[in-house]
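I need the structure of the sequence given here:
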Amino acid sequence: IAMGRVVVANTGAASRPTVGVARGAPGRTLGAVARRLVPRGRRASLHGPRPDPDAAGGGRATGRDRRRDRDDARMSPQPAAPPVVVPSAVVGRATQIFREHAAVLFPVALIFALIQAMVTYALADTNAAAIAAGVSVVTSVFFQGMVVTFVRDVEAGLPPGAEPSAGALFRSVSPVAGPLLVVSILAGLGIGLGFVLLIVPGLILLTIWAVVAPVVVLERTGVLASFGRSRELVRGSGWPVFTTLLLMVLLVLATALVGGLAIAAVGEAAGRFVQVVVSAVTSTIYVLTTATLYFRLRDAHDAGPVEPVATVPDDDPRWTQQD
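Model prediction:
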């Protein structure tokens, strides 16, 4: 059969068709000639079925198949990772620890709050206000370290009724009292300066340094390294951490309001005592929240178990004591 200058010849019943190009025809590949002469359906039957990439021992996937697979994987919903910090859960855990261990935590908090109140009242009309502020900072630092150490014991599995004594907690904080005091002063100065300048820098520093005190107490890092470690733990959870701290600030403001109402209702002396009691509860929950926040962030980043501290030895039977 001759079509133009292309010739298709059949050399026999058992032989395959041969395609030739007449001499002098324009340059065209043999495959292009066959595609023009053989219909699409017939062409597929001549070359056999396309291999299925998913079949057993199948052939190689085409570029179109690979693009389709990538599009399907991109469009398929991915499971969302659970948040590292849930503010309500952190505050709830802190209040739970306070309720279960109030017999140990509240007396210690009340003692520190009374010391601060008496020193402040005694030096109120003198020129020694700096001394009162210094006493307040030192007592707050020791109390914070004791509560953080206590939370570590609780997170390690110490049941209610088996708590370490206040003296044991105090002794456990003594080795890090110096670095903890320096870190607290530097953090307070930095956050205060940030609030004075533009407010926003103060909020940022308050968030990224949220767990700097637990880092010093539990990881025994240096002063400067503790700030970097706190920022590393908070990275990726800035908004939940900020929300948790905001809840604590609202709690402190509510405490101040309650104290003012108590003074107005029952007189200055009784009102001051009510204010001290409420402040003891609030400060304890605040530090418990900070310590709980540290453990949530640390577990998410390091995924390491909580080790007991020296306040209760490992072989002490209180670790297995039941409620």
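
alpha carbons only for contacts and neighbour counts from here, please
Fine.

burial check on residue 130, number of neighbours?
Counted with other C-alpha atoms under 10 Å, residues neighbouring residue 130 total 11.

which helix or which strand is home to it?
Take DSSP states H and E as the rule and residue 130 turns out to sit in helix 129-155.

so which elements touch that helix?
Packing contacts for helix 129-155, counted by 3 or more C-alpha pairs under 8 Å, 6 or more residues apart in numbering; DSSP states H and E, involve helix 102-122, helix 166-173, helix 177-197, helix 212-219, helix 268-302.

save those as JSON lines, and put in distance to residue 135, mean pLDDT and mean neighbour count too.
Shown next, in JSON lines, are the helices and strands packed on helix 129-155 (distance: least, C-alpha to C-alpha, whole Å; pLDDT from 0 to 100; neighbours: other C-alpha atoms under 10 Å):
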{"stretch": "helix 102-122", "distance to residue 135": "7", "mean pLDDT": "90", "mean neighbour count": "17"}
{"stretch": "helix 166-173", "distance to residue 135": "16", "mean pLDDT": "88", "mean neighbour count": "17"}
{"stretch": "helix 177-197", "distance to residue 135": "12", "mean pLDDT": "91", "mean neighbour count": "17"}
{"stretch": "helix 212-219", "distance to residue 135": "18", "mean pLDDT": "94", "mean neighbour count": "23"}
{"stretch": "helix 268-302", "distance to residue 135": "16", "mean pLDDT": "88", "mean neighbour count": "20"}
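
any chance of those in JSON lines, with distance to residue 153 too?
Formatted as JSON lines, those follow (distance: least, C-alpha to C-alpha, whole Å):
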{"stretch": "helix 102-122", "distance to residue 153": "13"}
{"stretch": "helix 166-173", "distance to residue 153": "10"}
{"stretch": "helix 177-197", "distance to residue 153": "19"}
{"stretch": "helix 212-219", "distance to residue 153": "11"}
{"stretch": "helix 268-302", "distance to residue 153": "11"}
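
which residue, other than its chain neighbours, is closest to residue 200?
Leaving out its chain neighbours, the residue that sits closest to residue 200 by C-alpha to C-alpha, 6 or more residues apart in numbering is residue 194, at 7.1 Å.

wait, that neighbour touches residue 202, no?
Yes: using C-alpha atoms under 8 Å, residue 194 is in contact with residue 202, at 3.8 Å.

tell me how far residue 296 lies from residue 274.
To residue 274, residue 296 is 33 Å away according to C-alpha to C-alpha, to the nearest Å.

cool, and residue 113?
For residue 113 relative to residue 274 (C-alpha to C-alpha), the value is 11 Å.

count the neighbours of residue 200 for me.
Neighbour tally, residue 200, other C-alpha under 10 Å: 13.

show me what contacts the closest residue in space to residue 298 that isn't next to it in sequence?
Among residues not flanking residue 298 along the chain, residue 233 sits closest, at 6.4 Å (C-alpha to C-alpha, 6+ apart). Taking C-alpha atoms under 8 Å, 6 or more residues apart in numbering as the criterion, residue 233 is in contact with 294, 297-298, 301.

residue 251 too?
Taking C-alpha under 8 Å, 6+ apart as the test, what residue 251 contacts is residue 282.
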